[in-house]
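*Asks:* heads up, no residue letters with this:
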């Protein structure tokens with residue numbers, strides 16, 4: 001379960017007059033009450049020092065942190081909130097709670113001198129890949145289905161999955177655009193928070209993954225900034241400003257619906273095209289005033305999707321639009337539509 005689900009258990013126990021064992025015992029209810037107070041004090045504290053935070057932020061491969069515990073555990077009230085706060089410092093850390101007495105017997109694989117001592121923190125370098133025995137079977141993790149969570153609730157998992165996922169047929173085009181410092185849009189039927197999509201791209205760039213080159217990107221962005229008379233910034237500030245300028249349209253986010261994403265993608269694409277044309281015009285005016293170039297900044301836009309229905313809908317709406325190429329990437333190959 002997620003951290004917020006675990007903390008909700010405390011309220012469930014304290015507000016229920018018909019608890020099941022062990023919370024039918026008033027002593028255990030009192031333990032939960034005290035532990036909730038202790039946990040809240042830690043969550044409000046400034047206990048994390050900079051050195052520790054930097055070590056967590058330096059983690060550059062996906063990890064799964066599982067804490068085996070119970071709400072009645074006094075030691076957990078002091079340890080688990082700190083672990084939870086640490087996990088929030090790096091999107092590559094997927095933090096979960098496993099109740100010791102939930103019947104899954106996960107604790108049996110992590111005994112301390114033969115005892116079921118808690119809390120217990122298990123760290124897996126590759127999410128869900130460390131096997132453990134359960135009722136005579138070898139279980140390999142919980143989350144082996146990549147991109148299973150398509151909504152806001154799956155934001156953190158998306159960050160991890162993006163680091164692990166193989167590249168698609170149009171990936172090289174994306175790399176070329178980003179390395180050149182070109183404006184891009186991610187238009188997807190997913191329902192993630194837009195900032196999560198942006199952070200996913202940022203993480204890929206910072207790790208120079210799959211052909212992305214941070215130094216090349218920053219170098220090209222500086223050229224644009226020089227033409228536009230923009231103030232100087234650090235490399236990371238330039239990169240973050242660039243990603244803020246790009247667009248992220250998870251069309252089922254908020255009030256959107258994944259039931260009919262085609263028309264929503266068309267609307268997002270139309271907004272993006274107008275946005276790019278406006279930026280190009282502004283940059284052209286700056287370049288003309290500085291006598292930097294003699295030709296125009298003519299935007300060239302490409303759209304790709306592995307869903308044929310999305311591609312057909314996009315083609316229908318933009319068939320007469322100049323400067324837009326549409327590609328179908330289904331079946332593992334890119335085909336101009």
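*Replies:* Done, it's in. Please read all numbers here as calculations on a predicted model, not as lab measurements.
*Asks:* next, the buried residues of the host helix or strand of residue 28.
*Replies:* Using DSSP states H and E, the element containing residue 28 is helix 26-43. Neighbour counts over helix 26-43 (16 or more other Cβ atoms under 10 Å) mark 28, 29, 31, 32, 35, 36, 39, 42 as buried. Just so you know, the C-beta spots here come from the backbone N, C-alpha and C atoms, and that holds for glycine as well.
*Asks:* which outside residues touch that helix?
*Replies:* 7, 10-11, 13-14, 19, 22-23, 71-74, 76-78, 80-82, 84-85 (Cβ atoms under 8 Å, 6 or more residues apart in numbering).
*Asks:* 6 Å instead?
*Replies:* 10, 13, 14, 22, 23, 71, 72, 77, 81 (Cβ atoms under 6 Å, 6 or more residues apart in numbering).
*Asks:* now render the residues you listed as TSV, adding secondary structure and distance to residue 2.
*Replies:* Formatted as TSV, the contacts of helix 26-43 follow (DSSP: H, G, I helix; E, B strand; the rest coil; distance: Cβ to Cβ, whole Å):
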residue	secondary structure	distance to residue 2
10	helix	14
13	helix	18
14	helix	20
22	coil	23
23	coil	21
71	coil	15
72	coil	20
77	helix	18
81	helix	14
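*Asks:* hmm, back to that, moving C-terminal from the helix holding residue 28, which element do we reach first?
*Replies:* helix 50-57.
*Asks:* tell me the helix or strand right after that following helix.
*Replies:* Past helix 50-57, the next helix or strand by DSSP H and E is strand 63-69.
*Asks:* okay, angle between that next one and helix 50-57 too, please.
*Replies:* 110 degrees (axes from the mean of the first three to the mean of the last three Cα atoms, to 10 degrees).
*Asks:* tell me where the chain has helices.
*Replies:* 3-14, 26-43, 50-57, 74-87, 155-164, 171-179, 194-206, 214-227, 235-245, 261-289, 308-318 (DSSP state H).
*Asks:* now for residue 325: which residues touch it?
*Replies:* When contacts are counted by Cβ under 6 Å, 6+ apart, residue 325 touches residue 302.
*Asks:* and with 7 Å instead?
*Replies:* 302, 336 (Cβ atoms under 7 Å, 6 or more residues apart in numbering).
*Asks:* if we can go back for a sec, pull the most distant pair out of the contacts of helix 26-43.
*Replies:* 22 and 81 (21.9 Å; Cβ to Cβ).
*Asks:* of the two, which one has the most company?
*Replies:* The neighbour comparison of residue 22 against residue 81 (other Cβ atoms under 10 Å) goes to residue 81, with 22 against 15.
*Asks:* to what extent is residue 211 buried, counted in neighbours?
*Replies:* 14.
*Asks:* which residue is the nearest non-sequential neighbour of it?
*Replies:* In space, and not counting its chain neighbours, residue 211 is closest to residue 175: 4.2 Å by Cβ to Cβ, 6 or more residues apart in numbering.
*Asks:* isn't the one you found right up against residue 213?
*Replies:* No. Between residue 175 and residue 213 there is no contact under Cβ atoms under 7 Å: 8.4 Å.
*Asks:* so those two - more neighbours on which side?
*Replies:* Shown here are residue 175 and residue 213; by other Cβ under 10 Å, residue 175 has more neighbours (17 against 14).
*Asks:* from residue 278, how far out is that one?
*Replies:* According to Cβ to Cβ, to the nearest Å, residue 175 and residue 278 sit 25 Å apart.
*Asks:* show me the shaky parts of the chain.
*Replies:* 125-154, 255-260, 285-297, 322 (pLDDT under 70).
*Asks:* okay, which residue is most central for it?
*Replies:* residue 159 (2.7 Å; Cα atoms, centre = their mean).
*Asks:* ok, that one - contacts?
*Replies:* Taking Cβ under 7 Å, 6+ apart as the definition, contacts of residue 159 comprise 91, 92, 196, 199, 200, 203.
*Asks:* what is the most widely separated pair among these?
*Replies:* Farthest-apart pair in the contacts of residue 159 is 92 and 196; separation 13.1 Å (Cβ to Cβ).
*Asks:* would you enumerate the residues in contact with the residue nearest to residue 211?
*Replies:* Applying Cβ under 7 Å, 6+ apart, the residues contacting residue 175 are 210, 211, 212.
*Asks:* could I get those residues as CSV with distance to residue 54?
*Replies:* CSV is the format used below for these (distance: Cβ to Cβ, whole Å):
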residue, distance to residue 54
210, 26
211, 28
212, 24
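*Asks:* distance of residue 328 relative to residue 309?
*Replies:* Taking Cβ to Cβ, one finds residue 328 at 10 Å from residue 309.
*Asks:* more neighbours, those two?
*Replies:* Legend: neighbour count by other Cβ under 10 Å for residue 328 and residue 309, higher for residue 328 (22 against 10).
*Asks:* residue 210 and residue 166 touch, don't they?
*Replies:* No. Applying Cβ under 7 Å as the test, residue 210 and residue 166 come out as separate, 8.9 Å apart.
*Asks:* of the two, who's got more company?
*Replies:* residue 210 (13 against 7).
*Asks:* got the contact list for that one?
*Replies:* Residues near residue 210 by Cβ under 7 Å, 6+ apart: 167, 171, 175.
*Asks:* list just the nearest of those to residue 117.
*Replies:* Closest to residue 117, out of all of the contacts of residue 210 and judged by Cβ to Cβ, is residue 167, at 44.1 Å.
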